[in-house]
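1. One predicted model, sequence on top.
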Amino acid sequence: MTATTAERQQPIVTKAPPSLLSRTFNRWPIKLALLLIVILWVIPTLGVLISSFRPAALVNADGWWTVFTNPGANEWTFENYRTVLNAEGFGNAFLNSLSVTIPATVIPITVAAFAAYAFAWMDFPGRQWIFVTVVALLVIPLQMALIPLLKLYVNFDLNGTFPALWLAHTGFGLPLAIYLLRNYIGSLPSSMMESARIDGATHFEIFTKLVVPLSVPVLASFAIFQFLWVWNDLLVALVFLGGEPKVRVVTLALRDLNGSRGEAWHLLTAGAFITMALPLAVFLGLQRYFVRGLTAGSVKG
Amino acid sequence: MATTTDRPVSPPQPTGDPGPEEPKSNVTTHLLRVGASLVVPVVAIIGLYFAGTVLLDADSNRVVVVVMALIVGVVGVFALYWAMDWVVNHIPDRHREKVRPFAFVGPAVVILALFLLYPTFNTIVLSFQDGRGEEFVGLDNFVRIFTNSEYLVAIRNSVAWVIVVPLLSVLIGLAFAVLADKLGRKGEAISKSFIFMPMAISFVGASIVWRFVYSFRPEGFGEQIGLLNGVLTGLGAEPIAWLQQEPWNNFYLMVILIWLQTGFAMVILSAAIKSVPEEIIEAARIDGAGELQVFRKVTIPSISSTLVVVSTTVIITVWKVFDIVFVMGGTRFGASVVAERMVTEFFTSRNSGVGSGLAVVLLVAIVPLMIVNVKRFREQEETR
């Protein structure tokens, strides 16, 4: 450590910089270890991807790795995807998932952004303790809300509808969204707000024309986090959509397929890939926001 | 709380009504405020409900349904706020600026109260009531949870998950972050994204991926098509029914979550490692410290708070894991966990007492960890 420098007073020996050859050579063990972990991490998904494009008969006859060991005996097909999308209802489920996920992402962001602006830049009685309550709600796991909410939904006949899911996800996502946005919006320069006020802008105008455009990074991070969260969610969909086949989302469809045709691996692998396609595309396309969103998500209850 | 008191500047004062408050207007202002808070969510819920039923009937063309859902969900909510603002602009000067904040913050408050605050209290109450939520039974549900072997197994397994999954995903994530740091820029980015990719996959999807890896066929049902049993038979060994091997199947299920969470740990730890000042590391090296010593004595202490946050976040995820055990059918082979029991208890056994009790157990396990995370997040935001 640094403190020991003074004590020892060693003469600094200047080592010759390692040659390029030895540097590359030294890195071999590291590269090998990394490669090993990467292979371990990728192989399970690779098996699913390959199997989803193999005919049913071949998937059942031998392991997917025979594609590499005996490539001549293999055939490729889109038939599994055709079956899963149409006969097994994954096509509809995909559209249902979009219908659930997009509003369940936009509604909490909108509601939270307005609230965050009020918490940061408006004066009203109870502002402090309401915000403290929001922070406190961050720590509540959503499992605490499921049973009473289901009872409420049954009473109002909302169960098995998209709005039921939109509202539930809005409620579960709001504390985090308000918290993140309040921190961000509150850190915008006050001089800017004041001069906008002096120019005669209303709060609504300041919010839509100034605050929202300036908050795009934090809005995008939260949007990606919430989008993936809702898209990948099974629990909330299972509880509030239940067995209604018309509104089934992809995670439910995959779970049903797993239950009804648990050994039909040519279909299960194709179904799994359909549920993964969009999140993976989001991940590959928006990796930077994706990581930031997940980091912020560490405070979601 | 510090978050609100340490605000840099006071908000701009409302300019609409600088005059002194008139006592008689308080009631009206108050009513208008409540109204402003309630109108948006109530109109929204009713609107959503009708839109929802229409959406459900029109099951012939799903594309229309998606477009409608987008319009209602995306444009509708903003339109409601816009309409609220229009209404606020048309109430008398005296009240206007006092009511306006409630049009902004009210809907969030109502939704939070209805969808989080009320259910939380209700769940706590239900946990002290019988299975149908009719009579108070004192601590009966909790006594049952902590004495009945069915729940004790779930608690035991959850505790094992909470120890094993965070430990392994943080260790592998840390090792990978440190090693990848020594690669070139491009190599590092590419290798890291492979490990991180599973984070994008749903727990159900991941469960299917791994069920395939663990797939087992009994004698006479054809070749082994699961990777692990393929390797075993290739080496001349007997195939194993992995998911039915108590108690080891617990660990095989944990592997799925480790596979999912390592990327998260790795990315965050990697960022922390990179933010350790180069001078400190150089100084240690000049002092003659070897790479391992530098890592143990300099890097680890510098990233300790990040290590805590990553671990607590993974632990929270672990406590709440439900999908993996549910999809893999773990319950049948002694691999249930608390969050999965909670759902099964209420939604198959219809016992809201024990179900709520298990939810409260989760709450008690998670809240301290969440407090650590929120505190740490606040410090980080303050120093930004």
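-> Cool, the structure landed. Numbering: from 1, shown residues only, chains lettered A, B, ... in the order given.
2. check contacts around residue 144.
-> No chain specified, so I'll use chain A. B:119, B:120, B:123, B:359, B:360, B:362, B:363 (C-beta atoms under 8 Å, 6 or more residues apart in numbering or on different chains). No exception for glycine: its C-beta is placed from N, CA and C like everyone else's.
3. ah, no, chain B please
-> The neighbours of residue B:144, taking C-beta under 8 Å, 6+ apart as the test, are B:151, B:354, B:357.
4. 10 Å instead, please
-> By C-beta atoms under 10 Å, 6 or more residues apart in numbering or on different chains, the contact set of residue B:144 is B:137, B:150, B:151, B:351, B:353, B:354, B:357.
5. any idea how far chain A is from it?
-> Distance, residue B:144 to chain A, by C-beta to the nearest C-beta, to the nearest Å: 17 Å.
6. Distance from the strand or helix carrying that residue to the middle of the chain?
-> In the assignment (DSSP states H and E), residue B:144 maps to helix B:140-147. Offset of helix B:140-147 from its chain centre (C-alpha atoms, centre = their mean, to the nearest Å): 27 Å.
7. Distance from the chain centre to whichever helix or strand comes after it, please.
-> Later in the chain than helix B:140-147, the nearest helix or strand by DSSP H and E is helix B:149-180. Helix B:149-180 has its C-alpha centroid displaced from the chain centroid by 17 Å (C-alpha atoms, centre = their mean).
8. returning to what we had before: now the angle between helix B:149-180 and the helix holding residue B:144, please.
-> Helix B:140-147 runs at 60 degrees relative to helix B:149-180, counting by axes from the mean of the first three to the mean of the last three C-alpha atoms, to 10 degrees.
9. in helix B:140-147, what's buried?
-> For helix B:140-147, the neighbour count (16 or more other C-beta atoms under 10 Å in any protein chain shown) marks B:140, B:141, B:142, B:144, B:145 as buried.
10. Looking at these, which is nearest residue A:167?
-> Nearest to residue A:167 among the buried residues of helix B:140-147 is residue B:141, at 28.4 Å by C-beta to C-beta.
11. Correct me if wrong: the closest one contacts residue B:133.
-> No. If you go by C-beta atoms under 10 Å, residue B:141 and residue B:133 don't touch, sitting 11.2 Å apart.
12. shared neighbours of these two, anything?
-> Counting by C-beta under 10 Å, 6+ apart, the contacts common to residue B:141 and residue B:133 are B:126, B:127, B:351, B:352, B:353, B:356.
13. Among those residues, which lie within helices?
-> Of the shared contacts of residue B:141 and residue B:133, the ones assigned to helices by DSSP state H are B:126, B:352, B:353, B:356.
14. give me the subset of these touching chain A.
-> Restricting these to those touching chain A (C-beta under 10 Å from any C-beta of the partner chain) yields B:126, B:352, B:353, B:356.
15. The second one: neighbour count?
-> In this case it means residue B:352. 26 (other C-beta atoms under 10 Å in any protein chain shown).
16. same deal with the third one?
-> For residue B:353, the neighbour count with other C-beta under 10 Å is 26.
17. could you say which helix or strand contains the most centrally placed residue in chain A?
-> Centroid-nearest residue in chain A: residue A:228, 2.7 Å away (criterion: C-alpha atoms, centre = their mean). For residue A:228, the host element (DSSP H and E) is helix A:216-232.
18. Please say whether there is contact between that helix and chain B.
-> Yes. Residues of helix A:216-232 contacting chain B under C-beta under 10 Å from any C-beta: A:228, A:229, A:231, A:232.
19. Please identify the one among the ones in helices among the shared contacts of residue B:141 and residue B:133 that lies nearest to residue A:214.
-> Distances from residue A:214 to those, taken as C-beta to C-beta, are shortest for residue B:356 (43.1 Å).
20. Quick check: the residue of the stretch 201-301 of chain A nearest chain B.
-> residue A:232 (3.4 Å; C-beta to the nearest C-beta).
21. Now narrow the contacts of residue A:144 to whatever sits close to chain A.
-> Filtering these for proximity to chain A by C-beta under 10 Å from any C-beta leaves B:119, B:120, B:123, B:359, B:360, B:362, B:363.
22. Give me the subset of these lying in strands.
-> Nothing among the ones next to chain A among the contacts of residue A:144 maps onto strands, per DSSP state E.
23. Identify the farthest-apart pair in those residues.
-> B:119 and B:362 (13.8 Å).
24. Between the two, which contacts overlap?
-> In terms of C-beta under 10 Å, 6+ apart, residue B:119 and residue B:362 are both contacted by the residues A:142, A:144.
25. and residue B:298, what is it in contact with?
-> Listed by C-beta under 10 Å, 6+ apart, the contact set of residue B:298 reads A:1, A:2, B:276, B:277, B:280, B:281, B:283, B:284, B:285, B:289.
26. related to what we said a few turns ago, adding pLDDT and distance to residue A:261, write the ones next to chain A among the ones in helices among the shared contacts of residue B:141 and residue B:133 out as a markdown table.
-> Output for those, formatted as a markdown table (pLDDT from 0 to 100; distance: C-beta to C-beta, whole Å):
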| residue | pLDDT | distance to residue A:261 |
| --- | --- | --- |
| B:126 | 93 | 37 |
| B:352 | 87 | 33 |
| B:353 | 90 | 36 |
| B:356 | 92 | 35 |
